[in-house]
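Trainee: Just a sequence and a predicted model for now, questions to come.
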Amino acid sequence: MSGFGNEFASEDPRCPGSLPKGQNNPQVCPYGLYAEQLSGSAFTCPRSSNKRSWLYRILPSVCHKPLISIPQGNLSHNWDEVSPDPNQMRWLPFKFSESSEKKVDFVEGLNTLCGAGDGRTRNGIAIHIYICNTSMKNKSFYNSDGDFLLVPQKGNLLVTTEFGKLLVEPNEICIIQQGMHFSVEVFGETRGYILEVFGAHFELPDLGPIGANGLANPRDFMVPVACYEDQQFAACFSVISKYQGKLFSAEQDFSPFNVVAWHGNYTPYKYNLDNFMVINGVAFDHADPSIFTVLTAKSTSPGVAIADFVIFPPRWGVADHTFRPPYYHRNCMSEFMGLIKGHYEAKEENFLPGGGSLHSIMTPHGPDADCFKKASEAELKPERIAEGMMAFMFESSFSMAVTKWGLETCNCLDKSYTKCWQPLKSCFNPKWKYPVHPQNTVNLL
Ligand SMILES: O=C(O)Cc1cc(O)ccc1O
Ligand SMILES: [Fe+2]
């Protein structure tokens, strides 16, 4: 089904009439199902932000054995593992496991790179890298701490959820919100990025003067349809919860994907980044990257995001008398960037698909020396920017800490990163003669 945040309704076609009509809690549900509400907002939230879905299932989720603490690998919400480091950071592509013999599934393959805040106080963010090569078997996962925005970079994900199935390919994103059970099937070496937010859900940004259409259009968001499995497993089914940054597992003797029908506005969804309607300058100057915001998780401070998901899609560059690549800057927000495919305009070298960079709060950054020279001398004709490329940014108002995994264990921090700015030399010439550009001459004289 399509649409962002709609009131959806879905019945598995094998059970027509399974969705109760006219009420949520009939004395007896059709087909002998159990009614269960999943709340994604406080009961009392204003209508515009109120989120819940009603699930009609073979057994209610509560029929599980106790949740028991399990090892959590490289997943961490401890932001004090290593001392703060404000330097510009770049990671070469995060490595796949050296032996393909070693089977790692999506949950075992979660590695926390950086973050801030926490799930307990319901305010914060974490960035994880998932690296896996095998499917979750008789295993589901739900995040009690926050919402996951998955950005696959390599390998398709077949995501089974309580609401139905989503096939998510690189260049698509998938949002699994707090509390939703899911299981990930993979088809070989698989890698991607996760933006986790605690305490807010992703929304489409307001469009202001852009008008009613543009950027990510609501109709392009896809929601699964009900699809139940009624398996009784000889072996147990493990239901894993991430709770306060730790993993817990509970055994149960039925599949959690036992929802025959559901309705509501709190669902998982996916979006293909090629559908993004790009808006950009058509006269002069470089617009801020907020014009490329796909989704935002708002903080309570107006205009300030816990985290924005921003992309740098293929587009035309036409700006006159303009330095077209990203400008040099220092930002009161943290910028984590990743690359799905192609190469990014401001960085010729070593910012590669499957790698990343972090420019922390107030840490200066911008085009490398090569890019600066080329763009300063370029003939400014209309040109395609980022053809075949898809880069993205998780931009957050939180000051993030990098984990021990990010700094050491992952073993792909590029120690030479800051060298890319070293060749920049002063071009200052106090005897400069006009004209620079006709427009500047007029302004300056
Ligand atoms: O740092 C970056 O590469 C991201 C970025 C891109 C851009 O076009 C303007 C500002 C900005 O932070
Ligand atoms: Fe930046």
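Mentor: Cool, the structure landed. Just so it is clear, the structure is predicted and the values come from calculations on it, not from any experiment. Ligands and ions are numbered 1, 2, ... in the order given.
Trainee: hmm, who's touching stretch 96-109?
Mentor: Contact partners of stretch 96-109, identified using Cβ atoms under 8 Å, 6 or more residues apart in numbering, comprise 73, 130-137, 139, 141, 157, 184, 186, 189-191, 240, 247. All C-beta atoms are positioned from the backbone trio N, CA, C, and that covers glycine.
Trainee: which of those count as buried?
Mentor: Buried members of the contacts of stretch 96-109, counted by 16 or more other Cβ atoms under 10 Å: 130-136, 139, 141, 157, 184, 186, 190-191, 240, 247.
Trainee: which bits of this protein sit near ligand 1?
Mentor: Residues of the chain lying near ligand 1 by Cβ under 6 Å from any ligand atom: 289, 326, 329, 335, 346, 359, 365, 393.
Trainee: what separates the residue in the chain that ligand 1 sits nearest to from residue 338, distance-wise?
Mentor: Nearest residue of the chain to ligand 1 (Cβ to the nearest ligand atom) works out as residue 326 at 3.4 Å. Separation of residue 326 from residue 338 (Cβ to Cβ, to the nearest Å): 16 Å.
Trainee: So for the two, which residue has more residues nearby?
Mentor: The neighbour count for residue 326 versus residue 338, taken as other Cβ atoms under 10 Å, is higher for residue 338 (26 against 19).
Trainee: which stretches of the stretch 101-250 of the chain have low pLDDT?
Mentor: 232-235 (pLDDT under 70).
Trainee: Could you rerun that using 90?
Mentor: Across the stretch 101-250 of the chain, the ranges flagged by pLDDT under 90 are 101, 230-236.
Trainee: can you check the stretch 251-400 of the chain too?
Mentor: Across the stretch 251-400 of the chain, the ranges flagged by pLDDT under 90 are 343-350.
Trainee: switch the cut-off to 70
Mentor: Where the stretch 251-400 of the chain drops to pLDDT under 70, the residues are 346.
Trainee: any chance you could map the strands in it?
Mentor: For the stretch 251-400 of the chain, the strands defined by DSSP state E, counting those that start in this stretch cover 259-264, 269-272, 293-298, 305-312, 315-317, 334-341, 356-359, 383-385, 390-396.
Trainee: longest helix anywhere in the chain?
Mentor: Ordering each helix of the chain by length in residues (DSSP state H) puts helix 369-377 first.
Trainee: buried stuff in it?
Mentor: Across helix 369-377, burial judged by 16+ other Cβ under 10 Å covers 371-372, 375.
Trainee: do stretch 397-411 as well
Mentor: 397-403, 405-407, 410.
Trainee: and what of stretch 275-293?
Mentor: Residues 276, 278, 292-293 are the ones in stretch 275-293 that count as buried (16+ other Cβ under 10 Å).
Trainee: next one: stretch 241-256
Mentor: By neighbour count on 16+ other Cβ under 10 Å, the buried set for stretch 241-256 is 241-243, 245-252, 254-256.
Trainee: wait, is residue 209 part of a strand?
Mentor: No. Read with DSSP: H, G, I helix; E, B strand; the rest coil, residue 209 is helix and lies in no strand.
Trainee: what's the burial count for it?
Mentor: For residue 209, using other Cβ under 10 Å, the count is 4.
Trainee: for the protein, which residue is closest to the average position?
Mentor: The centroid of the chain falls nearest to residue 149 when counting by Cα atoms, centre = their mean (3.3 Å).
Trainee: Excluding chain neighbours, what is closest to that one?
Mentor: Sequence neighbours aside, residue 195 is the residue nearest to residue 149 in space, at 4.3 Å (criterion: Cβ to Cβ, 6 or more residues apart in numbering).
Trainee: unless I'm mixing things up, the one you found is touching residue 125, no?
Mentor: Yes. If you go by Cβ atoms under 8 Å, residue 195 and residue 125 touch, sitting 7.1 Å apart.
Trainee: Neighbour count for these two, which is higher?
Mentor: In terms of neighbours (other Cβ under 10 Å), residue 195 is the more surrounded of residue 195 and residue 125; the figures are 30 against 27.
Trainee: so whichever strand or helix holds that one versus strand 390-396, what angle?
Mentor: With secondary structure defined by DSSP states H and E, residue 195 is part of strand 190-198. Between strand 190-198 and strand 390-396, the angle comes out at 30 degrees (axes from the mean of the first three to the mean of the last three Cα atoms, to 10 degrees).
Trainee: From the chain's centroid, how far away is the helix or strand just after strand 190-198?
Mentor: Downstream of strand 190-198, the next assigned helix or strand under DSSP H and E is strand 202-203. Taking Cα atoms, centre = their mean, to the nearest Å, one finds the center of strand 202-203 at 11 Å from the center of the full chain.
Trainee: residue with max distance from the center of the protein?
Mentor: Within the chain, the residue lying farthest from the chain centre (Cα atoms, centre = their mean) is residue 431, at 49.2 Å.
Trainee: tell me the secondary structure for that one?
Mentor: State at residue 431, reduced to three classes by three-state DSSP: coil.
Trainee: for the stretch 101-250 of the chain, what spans make up the strands?
Mentor: Counting by DSSP E, counting those that start in this stretch, one finds strands in the stretch 101-250 of the chain at the ranges 110-118, 123-132, 139-143, 147-154, 157-161, 164-168, 172-176, 182-185, 190-198, 202-203, 221-222, 237-243, 246-252.
Trainee: Now do the SS call for residue 27.
Mentor: Three-state call for residue 27 (three-state DSSP): coil.
Trainee: ok, how many other residues are close to it?
Mentor: Per other Cβ under 10 Å, the neighbour tally for residue 27 reads 5.
Trainee: And residue 31, by the same measure?
Mentor: Around residue 31 there are 15 residues (other Cβ under 10 Å).
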